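K.L.:
quick check, what structure comes out for this input:
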Amino acid sequence: MHKTDSDRLPKSASAVDGALLRESWKVFQIMAEFVEGFERLATIKPSVSVFGSARTANDHADYVNAEAISRSLSDAGFAIVSGGGPGIMEAANKGGQAGKAPSIGLNIMLPKEQTANQYQDIELNFRHFFTRKVMFVKYASAYVICPGGFGTLDEMAEILTLVQTGKTRHIPIILVNRAFWSGLLDWFQDSLVANNMISQKDLDLISIAETPEQVVKLIFDHYENRDFEPSLQEQEILLQL
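P.N.:
Numbers count the residues shown, from 1 in each chain. Prediction:
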């Protein structure tokens, strides 16, 4: 039977009110995630957010390297923040916990893949990707991006956009493993820059590293003439993140 326009409308005002009430209450859940994140992470400084695939096996070279990078950063005084799950996230938390600084996991509730790893000194749990992303960005002194899939690409694109548009402060964005990222970086140059989708200087936001020593040096070189703490102007920018 063909449905009329009236058949497609909500059956009753109470159904609409019930749906609206449920959506409205979600606001409090979102607020709670922000408040807990702010309270537990605001004093964990300086920190480095480490991204990468949940699917990387613990005997893979990328896992081993991510663990070593995180250990070196932790020993250098940086708290390590990861997504709290398996793969590269586990490697980051494991390396961070083995070092001198805290190891933090920002876990996300997913239908599959995400299970919390055991190497977290501070464990936060999120239902919403967007609240979790804010926590990755807001308190970080640098971003280290290891090989990964759609989730890692999403986080990288978000970070690049925020820095490019001035919605967050300019801090190191370090891609690890040139061979893995080279095709994407070539595409950035040959397609995005060539077609004026981004400017050439936007590519300068990205650094490449292979080893823990290179990652640590890139970060300390960036802060050679400034503090790890955001300036007053940067603090105002981060308030509007």
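
K.L.:
quick check: which element contains Leu184?
P.N.:
Here Leu184, judged by DSSP states H and E, is contained in helix 178-187.

K.L.:
center of this structure, which residue is that?
P.N.:
With distances taken as C-alpha atoms, centre = their mean, Phe136 lies nearest the centre of the chain, 4.3 Å away.

K.L.:
so it, which state does it fall into?
P.N.:
Three-state call for Phe136 (DSSP: H, G, I helix; E, B strand; the rest coil): helix.

K.L.:
for it, which non-adjacent residue is spatially closest?
P.N.:
Ser49 (4.6 Å; C-beta to C-beta, 6 or more residues apart in numbering). To be clear about C-beta, it is placed using only N, CA and C from the backbone, and glycine gets the same treatment.

K.L.:
and that neighbour, what element?
P.N.:
Applying DSSP H and E, one finds Ser49 within strand 47-51.

K.L.:
follow-up on the earlier one: ok, now which ones touch the residue nearest to the centre of the chain?
P.N.:
Phe136 makes contacts with Ser49, Phe51, Val81, Leu106, Tyr143, Glu155, Ile159, as judged by C-beta atoms under 8 Å, 6 or more residues apart in numbering.

K.L.:
hang on, the fourth one in a strand?
P.N.:
Yes - counting by three-state DSSP, Leu106 is part of a strand.

K.L.:
what's near enough to touch it?
P.N.:
Per C-beta under 8 Å, 6+ apart, neighbours of Leu106: Gly37, Val81, Ser82, Gly83, Gly84, Leu124, Phe126, Arg132, Met135, Phe136.

K.L.:
do the third one as well
P.N.:
Val81 makes contact with 41, 44, 47-50, 104-106, 135-136, 139-140, according to C-beta under 8 Å, 6+ apart.

K.L.:
helix or strand: which one has it?
P.N.:
strand 79-82.

K.L.:
thinking again about what came up before, contact partners for the residue nearest to Phe136?
P.N.:
Ser49 is in contact with Val81, Ser82, Phe136, Val137, Ala140, Ala142, Tyr143, Val144, counting by C-beta under 8 Å, 6+ apart.

K.L.:
the last one and Phe34: what is the separation?
P.N.:
Read it as Val144. 24 Å (C-beta to C-beta, to the nearest Å).

K.L.:
next one: the second one
P.N.:
In this structure, Ser82 and Phe34 are 19 Å apart, going by C-beta to C-beta.
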